[in-house]
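**Q** got a structure for you, letters missing:
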């Protein structure tokens, strides 16, 4: 079973410096029918104006993944971490028992376009943590590259949840396959371009919830970048 979450149906907020789309309920946008999927709680597509961003604020008990599509995002947190997140990087912040962080567009002239993803952790109150690794485009071109996983296998960042995140960059008509184990579910998010999922067309910003499917066939209709979540 595949259920589509169309891009146009997402929530939206526009604050001048920030233009954001909410796949699931978030902040002032509330939709009881879209409160998340399995352990996946948030997919926000943010466009942040040059020099602008989110000042220091708090989080608890959430695995937060930042995936930059264009531009550069500057991260600072209460653990003393400071970094610049660019396209190709995978960043995971475990909020755990409590963490503060800020995120600002690192450029004074160019916007930054990113996806921020929240996944509920398997346990509450864990020690907060931070991890960032590089996943170059060539590692995602024409294949599903593991970005985040519970055991950090294959060089992925480590998630504190039974969930795996893959990314792929596909040329037109190029395709990748993913098998779901019994009882597993999936979410596909089209970050850029357009693709088909088991013959169902998806445009940029569309998402798809997948249950009771054994095999996923993802085929690009034009140049595409996709994120695939394999979820318990």
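**A** Perfect, I can see it now. The structure presented is a predicted model; accordingly, all values stated were derived computationally and were not measured.
**Q** Residue 92 against residue 121, yeah?
**A** No: taking contacts as Cβ atoms under 8 Å, residue 92 lies outside contact range of residue 121: 11.1 Å. C-betas here are computed from N, CA, C, even on glycine.
**Q** which neighbours do those two share?
**A** When Cβ atoms under 8 Å, 6 or more residues apart in numbering defines a contact, the residues bordering residue 92 and residue 121 alike are residue 63.
**Q** quick one, phi/psi of residue 78?
**A** phi -70, psi -10 (degrees, to the nearest 10).
**Q** neighbours of residue 108, just the number please.
**A** Neighbours of residue 108 under the rule other Cβ atoms under 10 Å: 7.
**Q** That one contacts residue 53, correct?
**A** No: taking Cβ under 8 Å as the definition, residue 108 is not a contact partner of residue 53, at 11.9 Å.
**Q** re earlier: quick one: which of residue 92 and residue 121 has more around it?
**A** Remark: of residue 92 and residue 121, residue 92 carries more neighbours, 24 against 19, as counted by other Cβ under 10 Å.
**Q** Kindly provide the distance from that one to residue 135.
**A** 12 Å (Cβ to Cβ, to the nearest Å).
**Q** Check residue 27 too.
**A** Distance, residue 27 to residue 135, using Cβ to Cβ: 29 Å.
**Q** for the residue nearest to residue 174 when sequence neighbours are not counted, what are its contacts?
**A** Computed as Cβ to Cβ, 6 or more residues apart in numbering, the closest residue to residue 174 that is not its neighbour in sequence is residue 220, at 5.2 Å. Residue 220 is in contact with 170-175, 193-195, counting by Cβ under 8 Å, 6+ apart.
**Q** Using a markdown table, please lay out these together with distance to residue 48.
**A** Formatted as a markdown table, those follow (distance: Cβ to Cβ, whole Å):
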| residue | distance to residue 48 |
| --- | --- |
| 170 | 26 |
| 171 | 29 |
| 172 | 30 |
| 173 | 33 |
| 174 | 30 |
| 175 | 33 |
| 193 | 22 |
| 194 | 25 |
| 195 | 26 |
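**Q** Now a ChimeraX select for only the buried ones of these.
**A** This is how ChimeraX selects the buried members of the contacts of residue 220, with burial counted by 16 or more other Cβ atoms under 10 Å:
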select :170,174,193,194,195
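**Q** Any figure for the gap between the most centrally placed residue in the chain and residue 96?
**A** When Cα atoms, centre = their mean is applied to the chain, the residue found nearest the centroid is residue 117 (4.2 Å). From residue 117 across to residue 96, the span is 17 Å (Cβ to Cβ).
**Q** I'm done for today, thanks for sticking with me.
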